[in-house]
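A.B. asks: The sequence isn't on hand, but the structure is:
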């Protein structure tokens with residue numbers, strides 16, 4: 001059944017931080033299954049797709065394929081707001097917790113991480129399929145944190161400088177690499 005939701009959250013998890021958006025799980029909307037998407041949406045119909053800590057569960061090549069699927073279903077000017085762990089964040093405890101395969105038991109959320117992105121790898125995946133990418137929050141290769149003002153009403157990301165409870169008094173305890181990948185207007 002084709003749905004008319006214009007904004008979709010991929011991999012909602014246990015939190016609903018974007019309550020007016022369509023919330024989905026992998027079993028109902030797999031990023032790599034064009035068939036799943038065709039059953040729910042028309043090509044060029046979505047305004048926005050939000051994926052908070054999802055893309056790291058895909059290999060680099062799978063990430064490109066997922067970006068390709070999203071590109072097809074976004075309308076021109078639509079965007080993917082994507083947040084992943086930042087491979088350039090200079091915090092050893094953080095890097096252990098987000099490492100490929102996870103830091104410990106199989107039931108740890110990071111156990112299925114296939115990649116730890118940095119700003120170069122994440123941007124290149126989206127750019128390869130035609131997106132224009134804007135970095136919202138990221139560390140550079142020297143570990144310096146960069147952040148621009150971004151509108152949380154266009155996709156709320158909890159694990160961010162502004163909203164994560166671990167970031168207090170000027171100390172960054174947990175951040176994400178956050179991008180907006182925008183489908184060009186023809």
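C.D. replies: On my side now, so go ahead. Just so it is clear, the model here is predicted, and its values are computed rather than measured.
A.B. asks: element containing residue 135, please.
C.D. replies: According to DSSP states H and E, residue 135 maps onto strand 132-139.
A.B. asks: Name the residues that touch that strand?
C.D. replies: Contact partners of strand 132-139, identified using C-beta atoms under 8 Å, 6 or more residues apart in numbering, comprise 81, 86, 88-90, 118-119, 123, 126-127, 145-148, 150, 160-161, 175-182, 184. For glycine as for every other residue, the C-beta is placed from the backbone atoms N, C-alpha and C.
A.B. asks: same deal with stretch 7-21?
C.D. replies: With C-beta under 8 Å, 6+ apart as the test, stretch 7-21 has contacts from 5, 22-26, 29, 31, 41, 46-54, 155-158.
A.B. asks: now stretch 143-152
C.D. replies: Here stretch 143-152 makes contact (C-beta under 8 Å, 6+ apart) with 88-90, 134-140, 161-163, 172, 175, 178, 180.
A.B. asks: For this protein, just list every one of the helices.
C.D. replies: 34-40, 60-73, 92-98, 119-128 (DSSP state H).
A.B. asks: Would you mind putting those into TSV with mean pLDDT and distance to residue 109 alongside?
C.D. replies: Shown next, in TSV, are these (pLDDT from 0 to 100; distance: least, C-beta to C-beta, whole Å):
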stretch	mean pLDDT	distance to residue 109
helix 34-40	92	23
helix 60-73	97	18
helix 92-98	92	9
helix 119-128	98	19
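A.B. asks: Tell me which of those sits nearest to residue 168.
C.D. replies: Nearest to residue 168 among the helices of the chain is helix 92-98 (15.3 Å), distances taken as C-beta to C-beta.
A.B. asks: Buried ones in the top strand by length along the chain, by neighbour count?
C.D. replies: Longest strand in the chain, counting residues (DSSP state E): strand 74-84. Buried positions in strand 74-84, judged by neighbour count with 16 or more other C-beta atoms under 10 Å: 74, 78, 79, 80, 81, 82, 83, 84.
A.B. asks: cool, stretch 15-25 as well?
C.D. replies: In stretch 15-25, counting by 16+ other C-beta under 10 Å, buried: 17, 18, 21, 22, 23, 24.
A.B. asks: Rounded mean pLDDT for that stretch, please.
C.D. replies: The predicted model assigns stretch 15-25 a mean pLDDT of 84.
A.B. asks: so how far is it off the chain centroid?
C.D. replies: 14 Å (C-alpha atoms, centre = their mean, to the nearest Å).
A.B. asks: what does stretch 102-116 give?
C.D. replies: Worked out by C-alpha atoms, centre = their mean, stretch 102-116 lies 17 Å from the chain centre.
A.B. asks: Give me the contacts around that stretch.
C.D. replies: Taking C-beta under 8 Å, 6+ apart as the rule, stretch 102-116 contacts 56-60, 62-63, 85, 87, 95-101, 121.
A.B. asks: If anything else comes up later, I'll come back, but that's it for now.
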